[in-house]
Every structure is written in structure tokens, then in C-alpha cells.
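Enquirer: predicted coordinates and the sequence they were generated for:
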Amino acid sequence: MRVCGYSDKQLMGQPHSSIRHPDMPRCIFKLLWEKLNAGQDVFAYVNNRCLNGDHYWVFAHVTSSYDDNQQIVSYHSLSRCPKAEIISNAIAPLYAQLLVVEKSKTSRKAGIEASCLMLNDIIAKLGVEYEEFIFSL
Ligand SMILES: Cc1cc2nc3c(=O)[nH]c(=O)nc-3n(C[C@H](O)[C@H](O)[C@H](O)COP(=O)(O)O)c2cc1C
């Protein structure tokens, strides 16, 4: 709340997308939800928007919470302050590239498909999986 500038009343019960920054490529959220729904944890760098229009980066560890029947009942995110050089040298340029591809398509769906392909391609060329890539930064 101190960083984003919203009050608890403005935040409680609201979707996380309330603080979504328009510079965030949607393919990152697609990857996040796919992993969560497959029962996996996700680590992701996320750029969020403050109430006053500023932004702040987090390194989020997002997990699902389960009931006794192993059904997902909620989600949890622990966000850490990322290293500034990882953002400036790797993540911000990567996300900017993904966003250009995403916006170059006529529909949102086609944009997300194209940026997902690009992200997979970049990571595959490094010969690693997404998580390995994230932790190699
Ligand atoms: C536990 C959890 C934490 C999340 N944290 C953020 C966040 O800090 N910022 C954000 O933009 N989206 C976050 N998301 C993803 C949003 O739910 C949403 O998918 C994303 O903002 C994209 O918005 P859209 O799905 O409406 O396009 C989080 C999701 C979960 C499950």
C-alpha cells in the first residue's frame, strides 16, 4: 500500500489486475495462470502501476492454495524487491520486445499467441526452461 499508493479500502476484494501496468506483456500472465492451473508455482518479474501513475517492479512467487480435496481454493503471491540490474539489463528489454510483438497484431488473442511464441523461442534458444531462465538472471 505504501508503494502503490492505494488504501486498503481501494484494494481489498479487488482483482490483482487493478494494478496491472500497460507495459506488462500479457503472455507473462498467460504463462502465470497456465502454471498455476497445472499445479505449479510461478516466479515472475511483474511491473505494477501505482495510483499516481508511477510503476514498481516486483519479483513475485505465486502459488495456489488447496482444500482437503486438492481443489484450488485461492492463490497467494509473495513479492520481493527485484535487483535493479536484472530489470534494466534483462527483463525490461525482454518485456518491451514482447509488447511490441503483442501490439503488432490486430486482435488481443493473436498478440498473446505471438508474444508467447517469441518468449518460448527466446528461452528455447538458451537451451533452458522458463524457471531456469528466470533464476539464471
Ligand atoms: C496471487 C496472484 C498475484 C498476482 N499479482 C499480480 C500483480 O501484482 N500485478 C498484476 O498485474 N497481475 C497480478 N496477477 C495476475 C492478475 O490476476 C491478472 O491476470 C493480470 O493482471 C492480467 O490482467 P487480465 O487477466 O485482466 O488481463 C496476480 C495473480 C495472482 C493469482
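Expert: Thanks, I have the structure now.

Enquirer: next, see if the longest helix seen in the chain gets close to the ligand.
Expert: Here the longest helix in the chain is taken by residue count, with DSSP state H as the criterion, and it is helix 108-125. No: judged by Cβ under 6 Å from any ligand atom, helix 108-125 and the ligand are separated, with a smallest distance of 8.8 Å. Where you see a C-beta, it was placed from the backbone N, CA and C, and this is true even at glycine.

Enquirer: what pLDDT, on average, does that helix get?
Expert: The predicted model assigns helix 108-125 a mean pLDDT of 97.

Enquirer: Ser88: how many residues sit nearby?
Expert: Taking other Cβ atoms under 10 Å as the criterion, the count of residues near Ser88 is 11.

Enquirer: any idea how far it is from Met24?
Expert: In this view, Ser88 and Met24 are 16 Å apart by Cβ to Cβ, to the nearest Å.

Enquirer: try Glu102
Expert: The separation that Glu102 has from Met24, given Cβ to Cβ, amounts to 10 Å.

Enquirer: so which bits of the chain are right by the ligand?
Expert: Residues of the chain lying close to the ligand by Cβ under 6 Å from any ligand atom are 15-17, 19-20, 24, 26, 29, 46, 48, 60, 62, 75-77.
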